[in-house]
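Engineer: prediction below, plus the sequence it came from.
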Number of protein chains: 4
Amino acid sequence: MAPTGLWLIGARGSVATTAVTGLLALRSGVVPPVGCVSAQQEFRDVPLPEWDEIRVGGHDIVDTPLEKRAELLTDSGVIPHRVFEAVRPTLSEVEREIRPGYHPATHSGTQADAARTLTDDITAFARRHGLARVVVVNVSSTEPVFPDLPEHDDLGALEAAMAVPGRTVLPPSSVAAYAAVRAGCPFVDFTPSTGLRLPALRELARRGGIPYAGSDGKTGETLVRSTLAPLFTTRALTVRSWAGTNLLGGGDGLTLADSEHAGSKLASKGRGLSTLLGQEVTAPLHIDNVPDLGEQKIAWDHVSFEGFLGARMSMQFTWTGYDSSLAAPLVLDLTRFAAAAQAAGEAGPLAPLAFFFKDPMGSTEHRLAEQFATLSSWAGTL
Amino acid sequence: MAPTGLWLIGARGSVATTAVTGLLALRSGVVPPVGCVSAQQEFRDVPLPEWDEIRVGGHDIVDTPLEKRAELLTDSGVIPHRVFEAVRPTLSEVEREIRPGYHPATHSGTQADAARTLTDDITAFARRHGLARVVVVNVSSTEPVFPDLPEHDDLGALEAAMAVPGRTVLPPSSVAAYAAVRAGCPFVDFTPSTGLRLPALRELARRGGIPYAGSDGKTGETLVRSTLAPLFTTRALTVRSWAGTNLLGGGDGLTLADSEHAGSKLASKGRGLSTLLGQEVTAPLHIDNVPDLGEQKIAWDHVSFEGFLGARMSMQFTWTGYDSSLAAPLVLDLTRFAAAAQAAGEAGPLAPLAFFFKDPMGSTEHRLAEQFATLSSWAGTL
Amino acid sequence: MAPTGLWLIGARGSVATTAVTGLLALRSGVVPPVGCVSAQQEFRDVPLPEWDEIRVGGHDIVDTPLEKRAELLTDSGVIPHRVFEAVRPTLSEVEREIRPGYHPATHSGTQADAARTLTDDITAFARRHGLARVVVVNVSSTEPVFPDLPEHDDLGALEAAMAVPGRTVLPPSSVAAYAAVRAGCPFVDFTPSTGLRLPALRELARRGGIPYAGSDGKTGETLVRSTLAPLFTTRALTVRSWAGTNLLGGGDGLTLADSEHAGSKLASKGRGLSTLLGQEVTAPLHIDNVPDLGEQKIAWDHVSFEGFLGARMSMQFTWTGYDSSLAAPLVLDLTRFAAAAQAAGEAGPLAPLAFFFKDPMGSTEHRLAEQFATLSSWAGTL
Amino acid sequence: MAPTGLWLIGARGSVATTAVTGLLALRSGVVPPVGCVSAQQEFRDVPLPEWDEIRVGGHDIVDTPLEKRAELLTDSGVIPHRVFEAVRPTLSEVEREIRPGYHPATHSGTQADAARTLTDDITAFARRHGLARVVVVNVSSTEPVFPDLPEHDDLGALEAAMAVPGRTVLPPSSVAAYAAVRAGCPFVDFTPSTGLRLPALRELARRGGIPYAGSDGKTGETLVRSTLAPLFTTRALTVRSWAGTNLLGGGDGLTLADSEHAGSKLASKGRGLSTLLGQEVTAPLHIDNVPDLGEQKIAWDHVSFEGFLGARMSMQFTWTGYDSSLAAPLVLDLTRFAAAAQAAGEAGPLAPLAFFFKDPMGSTEHRLAEQFATLSSWAGTL
């Protein structure tokens, strides 16, 4: 396929750093593509960009160099020493392509100005590398819930408000989404933040014929839930309660255990469960910050269900994963699929990518197996 | 649908007793059909026998009355008191239809004689109740592995050997299967015993145009495994090991913890896992007899897997179920589906019923979601 | 020993009903004293009241008859059918001794009046049955945290305030404690409510030479924690985090998942852990209301610890218990020990009873094994 | 204290390598003594050899250099990179002190000759470094069960048999124990192998006034069991079954999953449980070889217990530890305590060291808390 760009919002974060390190490692052949959905047999004949056809750049509001982040991830078990040593020299290639991201606290101009700068950064990146297209993927920290504003429903009103000095009419994720669409780029939201999920922004994407996908990558507890729930429904067993606890270290734990940020995350997790089960159930859910876990994420779920003649039974599981290890290959997959979709002329929400998300745009299907079947047959049409 | 018979091999066992109690309770409307796959919306338009169109009889080698067994199951939490009290008077209706089963240790004639008696019992039952057809379901205790004999490959040789006094050329489950087919009945094997799985017996079924299904009902650990395994394969995660431990009380624990009987059970469980994962993995598996658990069955599985860049992750689950509560509604489902299949003219192994079995005959599909999709579309054709 | 009274605050609750049912069952010999600490060999020679020397009465603000409550507990697995049937006729004996409890919402007089009535109820009960002494045990629902007031520090000021119409200077548990002490009765607080834990009330007890004990019975997660924590400390392993989640059904889940009531509970649980570990650790803790669990209580704890050379290891446990089954025998134990203590002339906080409590009065020892050793040697001196 | 030797049988194994690496790291101050029992406050005034007063040597039958083993343990998470780098240069100091161990398959002379060589190695080591005493600790692989022979009961007969060419009257661990005692050294058996546990060898130790301790270091599942079991006994709860599964990688998994070697291990684990509970319980126990786990050891235990009025409850735990990380500091602790014991004139089985062992010699106490109390007060007398 033609040279393709991957532009990461939050390019110095754990997920981004792991994705970049992994891409460089895959390109040089030092690791097999374990965890990469798009590298499976099923997708062999789909016209996807190869590892060495993907160039990476991005925005971030922090300055820690990529190499330092990769080193920390090596200490915490996400990146093996030998992989880090192998890709270390080439990390600077990506480092050079990271530009300052937008945040209202550090930006003095209007949001319209900010968006224009972001768009220019992406366009320049594409030109510099002769890229056929650039996929923008948001992997920055989850934002606090942003209030609904009337401007969100009307593109004209929104753009007018963005041009007013001192007004913050959009959260940073939506400014990034706006900038991506303005640059003609597919936008993928791997986080539960607002991003493109505003009528005005969707309208903008519609007019530009831009494909987009999201939101909130399905990498742990919800991944297991969307696999397990059909066991109960297809067997006609009645789930009585499904309780969950998530222990997170790293910056993620800090951000999400704070109730304001967790709002969007918990809502996104909750929506899926009742859809999966076809009913509302008691489903208490917690996210706790446990710093000593580092990059690890531990989820415990307890499912209480009723069977024949009212028999009371239960199941519990503990999932112990590295969030970045699970998310990073999906970022590469999404880049490849979104690029192929745009090349094939697709526009609007990419519903067949529901397989990757907790809260899929354009789809109400949450069952993992059905999502994979849809993904496979769609990819065959590209 | 026309009046249909359900003939249970092992009619006084826990699974059979729960199925009978449940059928009577469903018929009188004191419980909803929780756990009954065939009672779901998807199958509303399939011509299945209704609860009050099913008559039950069976064979067993033990004498404990059904009412006594139902009482024990009530004490152990499988059957609620109020359900037991509601169906108690009607249990005798089924009790009257239970005939002595065949076992080489207690039978003095030839196996041909034995089979003839079994066939006659079933035929008389059908005639007595004016049944359009009878489905024979084996829910007796798992047998020890039976040696391969040359006669198993040739129907003529087999029947000749069955007529030789003193020869035990077939295990009891296969004598039962032979008798069922001779009576023109669909045969469903809910156990991992030999049953119909001999070339000579399959040939007999083929000639008679008899449908059959099996084997080994998928009710606990394997049910979860066949749901979970696709999480790893569709996400391209490499499973490194999948260890399992099963704690069983009741007679089942006693039978299966004994290594000779467990042989067929463990083989049946193992076959599925490697098919599901598309590779061989380290998969130690144990079945322990823990009498104090009574009817409960507790399974613990530990899955170790590798993700992106070799990251080491794991998942574990504990399943706490009542085996009889999980199996009994499936026995009713299988009766309904097998009857409808025969009515629709189907013969040979009923591959679309793979959804119900650990070791499905006529199918290599072990993934639960795919099995359910197949079942649904097949049922639509009946 | 001499005839002894057990006066239950919250006499119609699950714990009380189970304790009463159990006492009647023990008296008639239909069950062995499983779960009764005081019935063990170690305490054979301690002068404790025998089962048939204990008479029960109590206060409650609800009206549901004891027999009805016992029936519900039978349905939920706490009380076996045969035990319920055996003691049913004798429940009315206790039923007759239950008097209306105090609650500010339903009481119109002063708190001084209320306390006097409670005292009179207890005194009349003692006289009616010719009891040598009465132990008052609080097993009512956990109260919301009550604000600190200056009157709590001074007995004179407190009693003056109690006599002011319309003033609610004490929470119900403290009114009950006051009434008990005024009646000359040992007071045992099995809940985390305020009870006797106010300087003014302790002063009253001191003047009267009254022994007391509490608080918050150690029956589940905390019981396990106080057993396990010494593993880490005696082996010099550094606990990094200890996260816990509690799923509760029944009224308890409803009361405690409400953050205001949970305040005292969570504080009581937290105090112990840091004392046990000799350091502060990250210890997120949740209590969720999961009604379908009924009387069951499920706790999951995840402990992350560091060993030699910084090796990262972990342990997790799931506890599945019936709270009332675990608490009820301890209520009987505490009655026996408190009665013996008063008979032996002990007064003030009974520190050797720390074994029974999450938040022991008069003791900073939280390690279960050490607590048992202390209990045993103390009992030997009675 | 005076310069002390630690002589490791199996000096190139995982436990030995971790202990040596750790000792060097402690000596240079790059790590704190986490996991070292003897470094706790309680033992501050006990005259124990300091880290820099301990010299290490040993026997092994394999040749892989210590540095190579340490590197492998670094890759598998037991030793941090920075610790490995810090001690790497000093590993050769210990490397030079490792001599070929004894194994019947590679030794052609008599067992008497073999033992003499071993004794000479230890004596020369002590002389070379001017050591006041040398503690011999067996950390080699668990042996298969060795048959009982009449010579084991009589020292004269044993020594006569050892001198017969071609006779293998002792397993290697016992030859090592014999050699240690002949060298006047305390012998500590950290494995379940026979070692000194033969009447003839104990007699030899008795005559020489040699202290010894063992056997089978308590580092994982059994450690938890000996902590938890008293919860049930002190609370008068009846344990009905206690099932366990152990998943082991590394050489240990390979050795122990083989039923012959596991024999001694399982017996050693089982003995403790029934002693702890004061009764026999159903206790199925498995050890599985799961190579991908590497140095990790995962144990799952399920405890089913009965409470008041027969209520059925349960508890389960999963322990995830690095066996070598847990064992290595105890090897250092045992060296220090055994040296101090010999210096204080103690002889025979060191019962107060029961705290460290699954199957303690000279003690029937298995409860961890009681063992620690005994250890503490004994250490105070040294």
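Structural biologist: Done, it's in. Residues are numbered from 1 along each chain as shown, chains lettered A, B, ... in the order given.
Engineer: distance-wise, check A:Asp113 relative to A:Val164.
Structural biologist: 11 Å (CB to CB, to the nearest Å). Every C-beta, even on glycine, is put in place using the N, C-alpha and C of the backbone.
Engineer: ok, the two, which is more surrounded?
Structural biologist: Remark: of A:Asp113 and A:Val164, A:Asp113 carries more neighbours, 15 against 12, as counted by other CB atoms under 10 Å in any protein chain shown.
Engineer: flag every residue of chain A that's near chain C.
Structural biologist: A:240-241, A:243, A:245, A:247, A:257, A:282, A:284, A:286, A:288-293, A:298, A:300, A:302, A:304, A:316, A:318 (CB under 8 Å from any CB of the partner chain).
Engineer: narrow these to those in strands?
Structural biologist: A:240-241, A:243, A:245, A:247, A:286, A:288-289, A:298, A:300, A:302, A:304, A:316, A:318 (DSSP state E).
Engineer: want to throw those residues into JSON lines with pLDDT and neighbour count?
Structural biologist: Below are these laid out as JSON lines (pLDDT from 0 to 100; neighbours: other CB atoms under 10 Å in any protein chain shown):
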{"residue": "A:Arg240", "pLDDT": "95", "neighbour count": "19"}
{"residue": "A:Ser241", "pLDDT": "96", "neighbour count": "21"}
{"residue": "A:Ala243", "pLDDT": "96", "neighbour count": "25"}
{"residue": "A:Thr245", "pLDDT": "95", "neighbour count": "25"}
{"residue": "A:Leu247", "pLDDT": "95", "neighbour count": "26"}
{"residue": "A:His286", "pLDDT": "92", "neighbour count": "19"}
{"residue": "A:Asp288", "pLDDT": "93", "neighbour count": "24"}
{"residue": "A:Asn289", "pLDDT": "93", "neighbour count": "21"}
{"residue": "A:Ile298", "pLDDT": "97", "neighbour count": "23"}
{"residue": "A:Trp300", "pLDDT": "98", "neighbour count": "24"}
{"residue": "A:His302", "pLDDT": "98", "neighbour count": "24"}
{"residue": "A:Ser304", "pLDDT": "97", "neighbour count": "26"}
{"residue": "A:Gln316", "pLDDT": "98", "neighbour count": "21"}
{"residue": "A:Thr318", "pLDDT": "98", "neighbour count": "22"}
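Engineer: which ones, among those, also lie beside chain B?
Structural biologist: A:316, A:318.
Engineer: and which of the ones in strands among the residues of chain A next to chain C is nearest B:Met1?
Structural biologist: A:Arg240 (32.9 Å; CB to CB).
Engineer: residues contacting the closest one?
Structural biologist: A:281-282, A:304-306, C:292 (CB atoms under 8 Å, 6 or more residues apart in numbering or on different chains).
Engineer: tell me which two of these sit farthest apart.
Structural biologist: So, these by CB to CB: farthest apart are A:Thr282 and A:Glu306, at 12.8 Å.
Engineer: spit out the contact partners of the residue in the stretch 251-382 of chain A that chain D sits nearest to.
Structural biologist: Proximity to chain D, evaluated over the stretch 251-382 of chain A using CB to the nearest CB, is greatest for A:Thr318 at 7.3 Å. Applying CB under 8 Å, 6+ apart to A:Thr318 gives the contacts A:298-300, B:315-317, C:302, C:316, D:318.
Engineer: okay, and the beta partners of it?
Structural biologist: A:Thr318 has the following beta-bridge partners by DSSP bridges: A:Trp300, B:Gln316.
Engineer: count of residues packed around the closest residue to A:Val31 other than its chain neighbours?
Structural biologist: In space, and not counting its chain neighbours, A:Val31 is closest to A:Ala25: 4.7 Å by CB to CB, 6 or more residues apart in numbering or on different chains. A:Ala25 sits with 25 neighbouring residues when counted by other CB under 10 Å.
Engineer: ok but A:Ala25 is inside a strand, no?
Structural biologist: No - using DSSP: H, G, I helix; E, B strand; the rest coil, the secondary structure at A:Ala25 is helix, not a strand.
Engineer: so A:Ile9 is in contact with A:Glu143, correct?
Structural biologist: No - taking CB atoms under 8 Å as the definition, A:Ile9 is not a contact partner of A:Glu143, at 11.3 Å.
Engineer: between the two, which has more neighbouring residues?
Structural biologist: A:Ile9 (32 against 21).
Engineer: and the more buried one, what's its pLDDT?
Structural biologist: A:Ile9 carries a pLDDT score of 98 in this model.
Engineer: in three-state terms, label the nearest residue to A:Ile98 once chain neighbours are set aside for me.
Structural biologist: Take A:Ile98 and drop its neighbours on the chain: the residue closest to it by CB to CB, 6+ apart is A:Ala11, 4.9 Å away. Under three-state DSSP, A:Ala11 falls in the coil class.
Engineer: give me phi/psi at A:Ala11?
Structural biologist: Reported as degrees, to the nearest 10, the phi and psi values for A:Ala11 are phi -70, psi -10.
Engineer: residue contacts, it?
Structural biologist: Contacts of A:Ala11 (CB under 8 Å, 6+ apart): A:20, A:56-60, A:66, A:94, A:98, A:101.
Engineer: now with 6 Å, please.
Structural biologist: The contact partners of A:Ala11, by CB atoms under 6 Å, 6 or more residues apart in numbering or on different chains, come to A:58, A:60, A:98.
Engineer: quick check: A:Ser376 touching A:Glu42?
Structural biologist: Yes - using CB atoms under 6 Å, A:Ser376 is in contact with A:Glu42, at 5.1 Å.
Engineer: ok, A:Asn319 to chain B distance?
Structural biologist: No, residue A:319 isn't Asn; it's Trp. For A:Trp319, the distance to chain B equals 5 Å [CB to the nearest CB, to the nearest Å].
Engineer: count of residues packed around that residue?
Structural biologist: 23.
Engineer: out of the helices and strands in chain A, which is least certain?
Structural biologist: helix A:250-257 (a mean of 66; mean pLDDT, DSSP states H and E).
Engineer: quick one: contacts for whichever residue of the stretch 1-150 of chain A sits closest to chain B?
Structural biologist: Using CB to the nearest CB, the closest approach of the stretch 1-150 of chain A to chain B is made by A:Gly35 at 3.8 Å. Going by CB under 6 Å, 6+ apart, A:Gly35 touches A:329, B:236-237, B:307-308.
Engineer: compare the residues you listed and tell me which is most surrounded.
Structural biologist: Top of those by neighbour count (other CB under 10 Å): B:Phe308, with 30 neighbours.
Engineer: next one, pLDDT for that residue please.
Structural biologist: 97.
Engineer: now it, nearest residue through space, not along the chain?
Structural biologist: A:Gly35 (3.8 Å).
Engineer: isn't there a helix covering that neighbour?
Structural biologist: No - counting by three-state DSSP, A:Gly35 is not found in a helix; it is coil.
Engineer: what's the neighbour count on the residue of the stretch 51-200 of chain A found nearest chain C?
Structural biologist: Of all residues in the stretch 51-200 of chain A, A:Gly77 sits closest to chain C, at 8.9 Å by CB to the nearest CB. Residues near A:Gly77, counting by other CB under 10 Å, number 18.
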